[in-house]
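>>> Here is a sequence with its predicted model. Questions after.
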Amino acid sequence: GAVVSQHPSWVICKSGTSVKIECRSLDFQATTMFWYRQFPKQSLMLMATSNEGSKATYEQGVEKDKFLINHASLTLSTLTVTSAHPEDSSFYICSASPGGGLGTGELFFGEGSRLTVL
Amino acid sequence: AQKVTQAQTEISVVEKEDVTLDCVYETRDTTYYLFWYKQPPSGELVFLIRRNSFDEQNEISGRYSWNFQKSTSSFNFTITASQVVDSAVYFCALSGGGADGLTFGKGTHLIIQP
């Protein structure tokens, strides 16, 4: 089946540094990828929709200047947490759908990336 | 706006018992998709089922079954003869399709005791 891979699986960084998380669709092309955030013992919240070749669409309350999303190719989207602070510590998960989205294809999730900001 | 309610925060049963996880949704879309995912302690999301709004047929997959009722906006998930390996957090989710992301419920933590 289709696979979505995230890297790194976990990362620890110092407060004030920036961290980049990659999301790759390994065996299909994804014009749209989604980024979610999950705080401990909470649900997943959609952060933004990443569109290949255009700007990402952010959900209300998500700072686009803090969470930079780049979807430069049909198989790669990156999320950069800029000037990370301890409150940004969370589990970040991406998802992708081949072809025309849910209407015609499945939706696949990456393994997730656990960010800890000291 | 879309909303998914999983009223059961935590359920604990003894192995081999049957257990039903409830999911109630709200949407103004006429076409939509419902999902169930399993999240073990490792964190990855395991896809269980997708159902579109035009298909109300119930589904059974091994010990898992799903009951979709549009009249009550519910999409409940039943595990029969539960096993310890079923212990996880289960999420119900909703999407309008196309370029929409998923709206997740808060999840139900299922504990299967040996």
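Yep, that arrived. Residues are numbered from 1 along each chain as shown, chains lettered A, B, ... in the order given.

>>> okay, now residue A:78: neighbour count?
Neighbour count for residue A:78, taken as other C-beta atoms under 10 Å in any protein chain shown: 19. Glycine gets a C-beta too; all of them are placed from N, C-alpha and C.

>>> residue contacts, it?
Applying C-beta atoms under 8 Å, 6 or more residues apart in numbering or on different chains to residue A:78 gives the contacts A:20-23, A:69-72.

>>> how about a cut-off of 6 Å?
Counting by C-beta atoms under 6 Å, 6 or more residues apart in numbering or on different chains, residue A:78 touches A:20, A:22, A:70.

>>> next one: residue A:4
Listed by C-beta under 6 Å, 6+ apart, the contact set of residue A:4 reads A:25, A:96, A:108, A:110.

>>> Need the residues you listed in CSV (columns: distance to chain B and secondary structure).
Shown next, in CSV, are those (distance: C-beta to the nearest C-beta, whole Å; DSSP: H, G, I helix; E, B strand; the rest coil):
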residue, distance to chain B, secondary structure
A:25, 15, strand
A:96, 11, strand
A:108, 8, strand
A:110, 8, coil
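
>>> Those residues, buried ones only, as a ChimeraX selection?
With 16 or more other C-beta atoms under 10 Å in any protein chain shown as the burial test, the buried ones among the contacts of residue A:4 are selected in ChimeraX as follows:
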select /A:25,96,108,110
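
>>> Closest to residue A:10 out of the contacts of residue A:4?
residue A:110 (13.0 Å; C-beta to C-beta).

>>> Turn the contacts of residue A:4 into TSV, including pLDDT.
Converted to TSV, those look like this (pLDDT from 0 to 100):
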residue	pLDDT
A:25	92
A:96	89
A:108	86
A:110	94
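
>>> count of residues packed around residue B:50?
Per other C-beta under 10 Å, the neighbour tally for residue B:50 reads 16.

>>> again with residue B:8
Look at residue B:8: counted by other C-beta under 10 Å, it has 18 neighbours.

>>> So it belongs to a strand, correct?
No. With DSSP: H, G, I helix; E, B strand; the rest coil as the criterion, residue B:8 is located in coil rather than a strand.

>>> Not counting sequence-adjacent ones, nearest residue to it?
Excluding the flanking residues, the one nearest residue B:8 by C-beta to C-beta, 6 or more residues apart in numbering or on different chains is residue B:108, at 4.6 Å.

>>> So the one you found sits against residue B:10, correct?
No. If you go by C-beta atoms under 6 Å, residue B:108 and residue B:10 don't touch, sitting 7.0 Å apart.

>>> Between the two, which has more neighbouring residues?
Just comparing residue B:108 and residue B:10: by other C-beta under 10 Å the higher neighbour count belongs to residue B:108, 21 against 10.

>>> Out of the helices and strands in chain A, which is least certain?
strand A:108-109 (a mean of 89; mean pLDDT, DSSP states H and E).

>>> Give me the helices and strands touching that one, please.
Helices and strands touching strand A:108-109, by 3 or more C-beta pairs under 6 Å, 6 or more residues apart in numbering or on different chains; DSSP states H and E, are strand A:90-97.

>>> got a list of contacts for the strand it packs on?
The contact list for strand A:90-97 (C-beta under 6 Å, 6+ apart) reads A:4, A:6, A:21, A:23, A:25, A:30, A:33-39, A:105, A:107-110, A:112-114, B:43.
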